[in-house]
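>>> Provided below for reference: sequence and predicted model.
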Amino acid sequence: MSVGWNDNTPIYRQLKDRVIGMMLDGVLKAGDALPSVRQVAAEYQLNPITVSKAYQELVDEQLVEKRRGIGMYVTEGASEKLLASERERFMREEWPAMLERIRRLGIDPAALLAQTQAGGAA
C-alpha cells in the first residue's frame, strides 16, 4: 500500500478502500493474512485505533475474518462479493453520468465501442 492520504475522507475509510482495492486487484486473495494493526500503524504512522476501525468495517462486511490470536484473513468469496457490489454501484451511480456525457458530446455509442475494442481512445 502506498501512502498518500487526502484530507477529504477519513483515513480509516481510505485505508479500508486501499485494502478493498488490493482484494479487487488480486493482491490479497481468499485466505491471505492482512498485515497486523500494529504493523500498519507503525509503517504509515497511524493511530492503531484508526487501523482497527478500517479492519473492523471489513469484518462487519464479512470481507475479512478475525482469527483469535493469529490475525485477520480475507474470507472465501470476498473478491467475488466486492466485484458484484462494485459492478452494481458502477451501473447505479457512475454509468448514468457517463452515458449522459456521451450523449451530450454526440458520440456514437457503436463507434465508441469499436474504437475501444481496437485499443484507441474515444
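That came in fine, so what should we check first?
>>> now stretch 4-15 - C-alpha only, CSV.
The C-alpha trace of stretch 4-15 is given here as CSV (Å, rounded to 0.1, in the frame of the first residue of the first chain):
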residue,chain,number,x,y,z
GLY,A,4,-0.9,9.5,0.2
TRP,A,5,-3.8,10.3,2.4
ASN,A,6,-6.1,13.1,1.4
ASP,A,7,-7.9,15.5,3.7
ASN,A,8,-11.4,15.0,2.2
THR,A,9,-12.1,11.5,3.6
PRO,A,10,-11.3,10.0,7.0
ILE,A,11,-8.1,8.0,6.9
TYR,A,12,-9.8,4.8,8.2
ARG,A,13,-12.0,4.9,5.1
GLN,A,14,-9.1,5.5,2.8
LEU,A,15,-7.2,2.6,4.4
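>>> please spell out which residues along that stretch are buried.
11-12, 14-15 (16 or more other CB atoms under 10 Å). From N, CA and C alone the C-beta is placed, and that goes for glycine too.
>>> check stretch 46-61 too.
Quick answer for stretch 46-61 (16+ other CB under 10 Å): 46, 50-51, 53-55, 57-58.
>>> give me the mean pLDDT for it.
Averaging pLDDT along stretch 46-61 gives 97.
>>> need the residues that contact that stretch.
11-13, 15-16, 19-20, 34, 37-38, 40-41, 64-66, 72 (CB atoms under 8 Å, 6 or more residues apart in numbering).
>>> so which helix or strand takes in the residue lying farthest from the centre of the chain?
Relative to the centre of the chain, the most outlying C-alpha is that of residue 106, 32.2 Å out, by CA atoms, centre = their mean. For residue 106, there is no host helix or strand (DSSP states H and E).
>>> equivalent analysis for residue 57, please.
helix 48-60.
>>> next helix or strand past that helix?
Following helix 48-60 in sequence order, the next helix or strand is strand 64-67 (DSSP H and E).
>>> cool, thanks, talk later.
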